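**Student:** Could you work out the structure for the sequence below:
(2 chains)
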Amino acid sequence: MTAAAIECKSLTKYYGKARGIDGLDLRVEKGSTFGFLGPNGAGKTTTIRCLLGMLRANSGEAFVLGEKVRLDGAVLRRRIGYVAGEVKLYEKETGRWHIDYLSRFRGGHGALTDELIERLQFDSTRRVRELSKGNRQKLALILGMMHDPELLMLDEPTSGLDPLNQEVVFDIISERVAAGSTLFLSSHILSEVERVCSTVGIIREGRIVVEDRVDTLLKQRLRHLEVTFRDATGAEALESVPGIAEVQTLAPNKLSAKVRGDHVDDLLKCLALHSVEDMSLEHASLEDAFVDYYRSDEGGRQ
Amino acid sequence: MNINLFLTTLYQRRIGMFWFSFGLVAYSWLMAWTWTFIGEMYEELLATMPPEMIAVWAPGDLELGSLGGYFQTEYLGMMWVLIVAAAIIIYAAKAVSSEVAAGTMELLLAQPIARLQFIVTRIAAMFVYAAILTTATFLPIQILGPTYDIEIAGRTMALLYATGFLLISAIGSFAMMLSASMRGGGRPGAITGSLLAAMWILQAITPFVEVAEDLEPLNLLTYWQPGDLINEGVVLASSWWVYGGITVISLAIAVVAFLRRDIT
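**Tutor:** Numbering: from 1, shown residues only, chains lettered A, B, ... in the order given. Next up, the predicted model:
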């Protein structure tokens, strides 16, 4: 087993009686890209704040980059780049002022500062109060990534950015990961996570309900199939295919069914034995998998 | 302490600091200048006022027609406390809680700065602010005083400076303690300001209400008697203990509270 960039063991945080996270177990490998999924109020931000030492957990423990997280762990934060979900900056100051101010805490300008400013086309001379939401987000991204941290903790990093800049951010993130950084991406924009992350954890009511590779989750997803044959064909034509379920006859020559992603090949081999006029196989998205976990009362797969 | 945070803290408060200091320099100069033509008839002027009003301005045995009586009544006893308290409360009440409420504390604490460094730095900046306010008050009197027939001994001025600095620090430390434990700059400032206002009222009614007299030892303003200090050159030992004690205890609580609090 490789070293963990993030490890939480039964991490629990309550705000009075209100639940933040409850016995959260999580492991993110070094060098991996981890998507942290969950709707508002599921406990994503609480988890991140516990990991950064901003919140004191009621019980359990957390380790980041091999070090136990403490409320006052300044040394550890030197190795982390954090972009908050809600960007809060000093309204009266300029972007350049923020860059200089935060850089001095780390002993000088970060290696990526100029490159990030250029690639995000950010005007650092303007005051924050004059910046649009997208430009504030750009500044937050520059501040979070300019020191080329070992661990990137990004909470909705592309919020407010136009598609072109989203592309730039994804490129930058991919490059940092290729260079050895670990990505912990908290988001409810599932297409974003699907695109960038290799592993996801879904949090529900303060607990991780699933933690797996994205491709494994997608493979396990049931895809909706509709197939029209040239001749009348019965449901038994498909029932022998492994991983198939809910075969229904829509017309004498038209069937629908659900098939698991890892059995698509078996399905195609079966269909090749027939004369097919038309077919559609819906692409499985992470969104479907996510919705499945959230629809289930038990918090597990249906 | 973190030098970057320290210098930035002072930089961010530069405008408020400048105007409060400028106002105090101007006020001190005005008071010294006024003494040249009001000094001799000051006692007669006061005699025309109701004794209740005089009692509010200058309680105790203070000789009102003296230089000390003049400074206490016209400046240092009330108006000066009002000005410096406003300045230090605005700074201290916002030092922690406003950053938390504005969300910039999250930005700061995502950087490699320890919480202890943060709070100690903000406290250090508060002492610098208190020193600037005290200097802006007493340095003009010391420098310009001889021009206007005001001679205050160096030792007396040092004592004035030290007790004034301690009074400001005590008020600021109390506000800082609330700021380190609460969210939003409004409440710590409002609570500290309300307590001071209550103390002023208590001081004003003390000559006339017996119950208020019993509460005098609890009143922070009881220990600030600049008139007696200017006239006699002595400070009550209790002044040091009360102001010093409030400062130390409040700051200790502020540090512990900030080290333990959640940043949300």
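
**Student:** any idea how far residue B:202 lies from residue B:229?
**Tutor:** With distances taken as CB to CB, to the nearest Å, residue B:202 is found 21 Å from residue B:229. In short, each C-beta sits where N, CA and C put it, glycine included.

**Student:** Neighbour count: those two, which is higher?
**Tutor:** residue B:229 (24 against 20; other CB atoms under 10 Å in any protein chain shown).

**Student:** For whatever residue of the stretch 51-200 of chain B ends up closest to chain A, which non-adjacent residue is spatially closest?
**Tutor:** Chain A sits closest to residue B:103 of the stretch 51-200 of chain B, with a gap of 2.8 Å, by CB to the nearest CB. The shortest distance from residue B:103 to any non-neighbouring residue, by CB to CB, 6 or more residues apart in numbering or on different chains, is to residue A:88 (2.8 Å).

**Student:** could you list every residue that touches the one you found?
**Tutor:** B:102-104, B:106-107 (CB atoms under 8 Å, 6 or more residues apart in numbering or on different chains).

**Student:** Give me the neighbour count for the residue nearest to residue A:260 when sequence neighbours are not counted.
**Tutor:** Spatial nearest neighbour of residue A:260, excluding adjacent residues (CB to CB, 6+ apart): residue A:243 at 3.8 Å. When counting by other CB under 10 Å, one arrives at 17 neighbours for residue A:243.

**Student:** wait, isn't residue A:243 in contact with residue A:266?
**Tutor:** Yes. Assessed by CB atoms under 8 Å, residue A:243 is found in contact with residue A:266 at 6.8 Å.

**Student:** longest single helix anywhere in chain A?
**Tutor:** Scanning chain A for the helix with the most residues, using DSSP state H, yields helix A:163-178.

**Student:** quick one: contacts of that helix?
**Tutor:** Contacts to helix A:163-178, defined as CB under 8 Å, 6+ apart, come from residues A:31, A:33, A:116, A:119-121, A:134, A:138, A:141, A:145, A:148, A:152, A:154, A:157-158, A:161, A:183, A:185, A:192, A:195-196.

**Student:** Pull out the buried positions in that helix.
**Tutor:** For helix A:163-178, burial by neighbour count (16 or more other CB atoms under 10 Å in any protein chain shown) applies to A:165-166, A:168-169, A:172-173, A:176-177.

**Student:** would you turn those residues into CSV with pLDDT?
**Tutor:** Shown next, in CSV, are these (pLDDT from 0 to 100):
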residue, pLDDT
A:165, 88
A:166, 88
A:168, 90
A:169, 89
A:172, 91
A:173, 90
A:176, 90
A:177, 89
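
**Student:** which one of the residues you listed sits closest to residue A:275?
**Tutor:** When those are ranked by distance to residue A:275 (CB to CB), residue A:166 comes first, at 44.5 Å.

**Student:** Relative to residue B:229, how far out is the closest one?
**Tutor:** From residue A:166 to residue B:229 the distance is 67 Å (CB to CB).

**Student:** Next, count neighbours for residue A:68.
**Tutor:** 11.

**Student:** Quick check on it: phi, psi?
**Tutor:** phi -70, psi 130 (degrees, to the nearest 10).

**Student:** Could I get the contacting residues of it?
**Tutor:** Contacts of residue A:68 (CB under 8 Å, 6+ apart): A:61-62.

**Student:** Distance of it relative to residue A:62?
**Tutor:** Taken as CB to CB, the span from residue A:68 to residue A:62 is 7 Å.

**Student:** what does residue A:24 give?
**Tutor:** Taken as CB to CB, the span from residue A:24 to residue A:62 is 9 Å.

**Student:** Common neighbours of the two, please.
**Tutor:** A:8, A:11.

**Student:** on that earlier part again, narrow the contacts of helix A:163-178 to those in helices?
**Tutor:** Counting by DSSP H, the part of the contacts of helix A:163-178 found in helices is A:116, A:119, A:134, A:138, A:141, A:145, A:192, A:195-196.

**Student:** Same question for stretch A:107-122: list its buried residues.
**Tutor:** Buried, per 16+ other CB under 10 Å, within stretch A:107-122: A:110, A:112-113, A:115-117, A:119-120, A:122.

**Student:** Quick check: closest non-adjacent residue to residue 149.
**Tutor:** If you meant another chain, say so; for now it's chain A. With CB to CB, 6+ apart, the residue lying closest to residue A:149 is residue A:81, at 3.5 Å.

**Student:** oops, chain B please
**Tutor:** Using CB to CB, 6+ apart, the nearest residue to residue B:149 is residue B:36, at 6.2 Å.

**Student:** Could you report the neighbour count for the one you found?
**Tutor:** So residue B:36, with other CB under 10 Å, has 12 neighbours.

**Student:** pLDDT score for it?
**Tutor:** Note on residue B:36: pLDDT of 82.

**Student:** Mind telling me what element it is part of?
**Tutor:** helix B:14-38 (DSSP states H and E).

**Student:** counting contacts, what elements does that helix pack onto?
**Tutor:** Judged by 3 or more CB pairs under 8 Å, 6 or more residues apart in numbering or on different chains; DSSP states H and E, helix B:14-38 is in contact with helix B:67-71, helix B:79-95, helix B:115-144.

**Student:** mind listing the strands for the stretch 201-302 of chain A?
**Tutor:** Counting by DSSP state E, counting those that start in this stretch, the stretch 201-302 of chain A has these strands, from start to end: A:207-213, A:222-229, A:244-251, A:254-260, A:276-281.

**Student:** about what we covered before: how near is the residue nearest to residue A:260 to residue A:263?
**Tutor:** 3 Å.
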